[in-house]
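Q: pasting the structure only:
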């Protein structure tokens, strides 16, 4: 494989010196881009797009053609693993993801397929290989999965949920069943992420989208410990380089100290967390990723630039900050505002990296 | 008015000694109760129910007949003030609240009605008087309103929102307009809450349902300072007793230190915040209210009791803790589980209040 031309993102995750703060955006390949919407229409459904390596590669690269992002992220879904386990993932227009089957009993758990990621999620590995090849070393490729707790919420509820009544009732009343499901998911996700690394992923992000719905104690018991279990099973390096892991718990700002001890190299923070306070809380244990309010992209370019300046100043001098939004980009954003965002990070961040 | 027979709730908000931890539940008069659903059907729409003092009183008292709650809360909606300002509040079945008009410009702001709460929200004051009279001093009556920022989100968006794109774009790009709206709302809410006190409310809660959608800096600028502005205008006493104010910012657990300085006597915390840590952070500045996960009420009575025990132990010995859920009770809860919840607080809390 070709040598990496821009390793700012990987170096920052390892808290090594860089020339400026790297940037990428969660959901950077997405509906706010007209070219994405065109490719999506060509592909058919969202899942068709995920399963077509050429088109998944195309949409992965689209934001990089517009903006000088410092990383690409695999185009896929967080719920591929439960789909492979046999639940039947589907999407209804205008609604969140749904599963045809749910897991609510020991029998449901026993009925899940055993999954070998290389075989059963081969379409993802094809996409990773295709994208890595097409990137040609320009920037590193991020692989990802949903966290075990996040996957479990969809698997138990059968789809998105407002109050997580069923999955929480299971966690609270049938903890043995819940832990058995989470263990199975942690091991399947570890296998899945390791396969992505073998296929070419150079960093990994675990999206813990719904960890923030738990109590402080529930978070440690049902979400964090299973992310730790995944990280313990991952390959430390690939191609002679470390493969850093980013853990992102939306709504996890109160728990940064424990998250920073889960074995990940970096912790993603959403926009409700003050980044200056976050840095002082995690010290030099991990890098931080984030954290502009995605809705700031609905403001004017000048206001966006001010916000970037404030976040850069909040983090302060030195490496260890990957700029990002505090959550995925919102579909209705004007792509020109993203230009203002990315330009601001590029132009305003070098002063924080003088040696 | 008759003397208050149970002042455990009011004493706790002032951090005075009590015999046991008081309890009430956000949305305790609500859809989980079959008798509520029957009265609601009799009334017609949700707003018809709010505007009928006798029926609003009936549903306010219903949970007190089932459970030995230590406080009643006015049955009303958080959006009565914007409705009186002329926006036309309505509810569509299965959806959140909506407004017929929105506020997105200086002209929209100038077109708002001026509101005198005693006259223009007289139906609320009638309900307060009717309920206070019917309570006959059994427990204190809590009045409430939405926070200025929370009201503004609905007024600008025209209803519920997922990402608050419009209201945040206004806050970020037209801060003068946003602040003018928030000032107007703070003063209208202060007038409204003061009128509730004159009508008989003995404590007040400000529901900052959407303050948690803001960044740390945005929260202080757009939500917290306007709650402080309200509190500064409220009467300190009524009938010779203090009228304590509870501020509840859902998702505000990261900002407890600054919330505790806003002038309120108590701070509500949702279930994501560890109550032991919260107490050590706010010290003796304020009482705390909360914070069991509402979804815990879907678990078994035994598990609910364990959780109550853990939260009581987390807060520890001494006054200053009002037991509550970390958010409103979920409609699908079995009322018998609420019995287990309330009984557990009653039975397990006296040990933390020995003199």
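A: Structure's in. What do you need? Given the structure is predicted, the values throughout are model-derived calculations rather than measurements.
Q: Okay, now the unreliable bits of the stretch 51-200 of chain A?
A: The model of the stretch 51-200 of chain A has no residue with pLDDT under 70.
Q: go again using 80 as the cut-off
A: The stretch 51-200 of chain A contains residues with pLDDT under 80 at A:93-94.
Q: Can you name the residues of it sitting close to chain B?
A: When proximity is defined as Cβ under 8 Å from any Cβ of the partner chain, the stretch 51-200 of chain A approaches chain B at A:163, A:164, A:165, A:166, A:168, A:169, A:172, A:173. C-beta coordinates here come from the backbone N, C-alpha and C atoms, glycine included.
Q: Could you report the neighbour count for the third one?
A: This means residue A:165. When neighbours are counted by other Cβ atoms under 10 Å in any protein chain shown, residue A:165 registers 19.
Q: Just give the nearest non-adjacent residue to it, would you?
A: Counting by Cβ to Cβ, 6 or more residues apart in numbering or on different chains, residue A:165 lies nearest to residue B:298, which is 4.9 Å off, once chain neighbours are set aside.
Q: For stretch A:348-355, give me every contacting residue.
A: With Cβ atoms under 8 Å, 6 or more residues apart in numbering or on different chains as the test, stretch A:348-355 has contacts from A:17-21, A:305, A:308-309, A:312, A:315-319, A:323.
Q: on that earlier part again, filter the residues of the stretch 51-200 of chain A next to chain B down to the buried ones, ChimeraX style.
A: Per 16 or more other Cβ atoms under 10 Å in any protein chain shown, the buried members of these correspond to this ChimeraX selection:
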select /A:163,164,165,166,168,169,172,173
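Q: Contacts only, for residue A:308.
A: Contacts of residue A:308 (Cβ under 8 Å, 6+ apart): A:292, A:323, A:341, A:344, A:345, A:348.
Q: which secondary structure element contains it?
A: When elements are defined using DSSP states H and E, residue A:308 is found to belong to helix A:301-315.
Q: Can you list phi and psi of residue A:262 for me?
A: When quoted as degrees, to the nearest 10, the phi and psi of residue A:262 stand at phi -90, psi 0.
Q: pretty sure it is in contact with residue A:227, am I right?
A: Yes. Applying Cβ atoms under 8 Å as the test, residue A:262 and residue A:227 come out as touching, 5.6 Å apart.
Q: intersection of neighbour lists for the two?
A: In contact with both residue A:262 and residue A:227: residue A:247, using Cβ under 8 Å, 6+ apart.
Q: So which residues of chain A form strands?
A: For chain A, strands defined by DSSP state E occupy the ranges A:72-73, A:89-91, A:97-99, A:141-146, A:203-208, A:237-238, A:241-242, A:245-249, A:266-268, A:287-292, A:321-325.
Q: Reformat the ones you listed as CSV; add mean neighbour count.
A: Shown next, in CSV, are those (neighbours: other Cβ atoms under 10 Å in any protein chain shown):
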stretch, mean neighbour count
strand A:72-73, 24
strand A:89-91, 17
strand A:97-99, 19
strand A:141-146, 25
strand A:203-208, 25
strand A:237-238, 14
strand A:241-242, 15
strand A:245-249, 26
strand A:266-268, 27
strand A:287-292, 26
strand A:321-325, 27
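Q: Got the phi and psi for residue A:16?
A: Taking degrees, to the nearest 10 as the convention, residue A:16 sits at phi -100, psi 160.
Q: So what's the residue count around it?
A: 13.
Q: Quick check, pLDDT for the residue nearest to it when sequence neighbours are not counted.
A: In space, and not counting its chain neighbours, residue A:16 is closest to residue A:319: 6.0 Å by Cβ to Cβ, 6+ apart. Note on residue A:319: pLDDT of 97.
Q: same deal with residue A:40?
A: As summarised for this prediction, residue A:40 has a pLDDT of 95.
Q: Can you tell me how far the residue nearest to residue A:165 is from residue A:155?
A: Using Cβ to Cβ, to the nearest Å, we find residue B:298 at a distance of 17 Å from residue A:155.
Q: and the helix holding residue A:308, average pLDDT?
A: 98.
Q: ok, which stretches of the stretch 51-200 of chain A are helices?
A: Assigned by DSSP state H, counting those that start in this stretch, the stretch 51-200 of chain A shows helices spanning A:53-66, A:80-82, A:106-110, A:117-120, A:122-135, A:148-157, A:165-173, A:175-199.
Q: would a markdown table of those with distance to residue B:181 be doable?
A: Putting these into a markdown table (distance: least, Cβ to Cβ, whole Å) gives the following:
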| stretch | distance to residue B:181 |
| --- | --- |
| helix A:53-66 | 35 |
| helix A:80-82 | 44 |
| helix A:106-110 | 50 |
| helix A:117-120 | 52 |
| helix A:122-135 | 46 |
| helix A:148-157 | 36 |
| helix A:165-173 | 36 |
| helix A:175-199 | 45 |
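Q: How about residue A:123, nearest residue that isn't a chain neighbour?
A: What sits nearest to residue A:123 in space, not counting adjacent residues and going by Cβ to Cβ, 6+ apart, is residue A:51, at 4.6 Å.
Q: Do I have it right that that neighbour meets residue A:125?
A: No. Contact between residue A:51 and residue A:125 fails when scored by Cβ under 8 Å: they sit 11.8 Å apart.
Q: and the residue of the stretch 1-150 of chain A nearest chain B?
A: Residue nearest to chain B within the stretch 1-150 of chain A (Cβ to the nearest Cβ): residue A:96, separated by 11.2 Å.
Q: residue contacts, that residue?
A: A:159, A:160.
Q: for the residues of the stretch 51-200 of chain A next to chain B, which one is nearest residue A:43?
A: Nearest to residue A:43 among those: residue A:164, at 31.5 Å, using Cβ to Cβ.
Q: Surely the closest one is in contact with residue A:152?
A: No. Judged on Cβ under 8 Å, residue A:164 makes no contact with residue A:152 at a distance of 9.9 Å.
Q: Determine how far stretch A:131-150 lies from the middle of the whole chain.
A: Taking Cα atoms, centre = their mean, to the nearest Å, the mean C-alpha location of stretch A:131-150 is offset from the chain mean by 9 Å.
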